[in-house]
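> Starting from these lines, generate the structure:
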Amino acid sequence: MRTTIQLIIKDILLTSGLEYDIQKLTLQLLHQSGKIFSQNKKDFTWGEFSYYVFSLLTETEVSHTTKMKQAAGIELLMLATDLFDDIIDHDNCLDTPIAKPQSLMIGNLLLVEALHLLMPNTASFKTDRFAIIHHYLRTAGNGQWLDFHLTMEHPAATEEQYFHIVQQKSCSFLQLIFELHSSTVPSPILQEIAIYIGYGAQLQNDIRDIFANHKSDLLHQKATLPLIKAVQHSNTYDHGWLLKQLQLIRSQDVATKHLTTIREYIYQTGAIDYCSILAKYYTKKAKSLLQHYFNDKSPYIKQIIHLID
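Residues are numbered from 1 along each chain as shown. Purely as a prediction, here's the structure:
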């Protein structure tokens, strides 16, 4: 499956009319962890996930090639949003560093290419498919805006606010994938499945990011749930020690030892365990709904569950 999507993306890039350097950089970016050309076959990829959801929700007469092109479109769309996200968050997640102006240009071009693939390859009866894509991309953009402004210095940095933003910023992409396709299952159920998958995935990402040197969550005091819970614990039991240490990070060069101390403290508060349990809970709810409503399509269910696990 992954190899076929890779071949389609290569063909799309070669015939896209994009400059050779843009094609080359795009392929380099798609070789990173979590992308369709990644060497780690266990990685979640948006292209594969999209293909199996498409197969789950469409009838058998939809061609294999159509599903693959749609999956390729989703893969390019998510790469574009990842580029924008890294710029906004001041992260450096690229194996091959790219200047911000280049990232912006490539992101915009890939967004256009993704729409060019998605529009003709989504089910023909979905005459409002552009409206669906527009709605969820706009919702995700609004969520990203709120996420950028929500730090631990903000009075609204609560667990409830965190999930409100995650539903907008992260779950919208999953909802887009489910909404684009037909199904006998009511749309609210599909939206619920998408939200649970999104919650579980975002929690796992936020846990990893706390301990990743290339991420800036601690530096910018981003109000992710692990940090929210750890700060609440610190305010209750340690006179706000953690928030004071986070503020020191912003006022001086970050020492590795200092970051290690902060990360160990966050772990000891139980915030990581709390978020890990929540992530498993939401992923389990998503799997339960998938198995209940699609028990007649178990091969696709198994593949989707494998990816979200």
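
> My guess is residue 162 contacts residue 222. True?
No: Residue 162 is beyond contact range of residue 222, at 10.2 Å (criterion: Cβ atoms under 8 Å). (Each C-beta comes from the backbone N, C-alpha and C, glycine too.)

> Only alpha carbons, please: show stretch 17-29 as CSV.
Below are the C-alpha coordinates for stretch 17-29, written out as CSV (Å, rounded to 0.1, in the frame of the first residue of the first chain):
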residue,chain,number,x,y,z
GLY,A,17,5.0,21.6,-13.4
LEU,A,18,6.8,22.5,-10.1
GLU,A,19,10.4,23.5,-10.2
TYR,A,20,12.8,20.6,-9.9
ASP,A,21,14.2,21.9,-6.6
ILE,A,22,10.7,22.0,-5.1
GLN,A,23,10.1,18.5,-6.2
LYS,A,24,13.4,17.4,-4.7
LEU,A,25,12.8,19.1,-1.3
THR,A,26,9.2,17.8,-1.2
LEU,A,27,10.5,14.2,-1.5
GLN,A,28,13.1,14.8,1.1
LEU,A,29,10.5,16.1,3.5
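
> What pLDDT is listed against the residue of the chain positioned farthest from its centre?
Ranking residues of the chain by C-alpha distance from their mean position (Cα atoms, centre = their mean) puts residue 239 at the top, at 34.7 Å. On pLDDT, residue 239 comes in at 91.

> do residue 78 as well
Residue 78 carries a pLDDT value of 95.

> other SSEs contacting the helix or strand hosting it?
For residue 78, the host element (DSSP states H and E) is helix 64-89. Contact partners of helix 64-89 among helices and strands, from 3 or more Cβ pairs under 8 Å, 6 or more residues apart in numbering; DSSP states H and E: helix 2-14, helix 20-29, helix 46-57, helix 100-121, helix 129-149, helix 171-179.

> buried set for stretch 273-289?
For stretch 273-289, the neighbour count (16 or more other Cβ atoms under 10 Å) marks 274, 275, 278, 279, 282, 283, 285, 286, 287, 289 as buried.

> picking up where we left off before, angle of the helix holding residue 78 against helix 2-14?
Orientation check (axes from the mean of the first three to the mean of the last three Cα atoms, to 10 degrees): helix 64-89 against helix 2-14 gives 70 degrees.

> returning to that earlier point: show me the buried residues of stretch 273-289 that map onto helices.
Among those, DSSP state H puts 274, 275, 278, 279, 282, 283, 285, 286, 287, 289 in helices.

> what sits against the second one?
The neighbours of residue 275, taking Cβ atoms under 8 Å, 6 or more residues apart in numbering as the test, are 203, 206, 207, 225, 226, 229.
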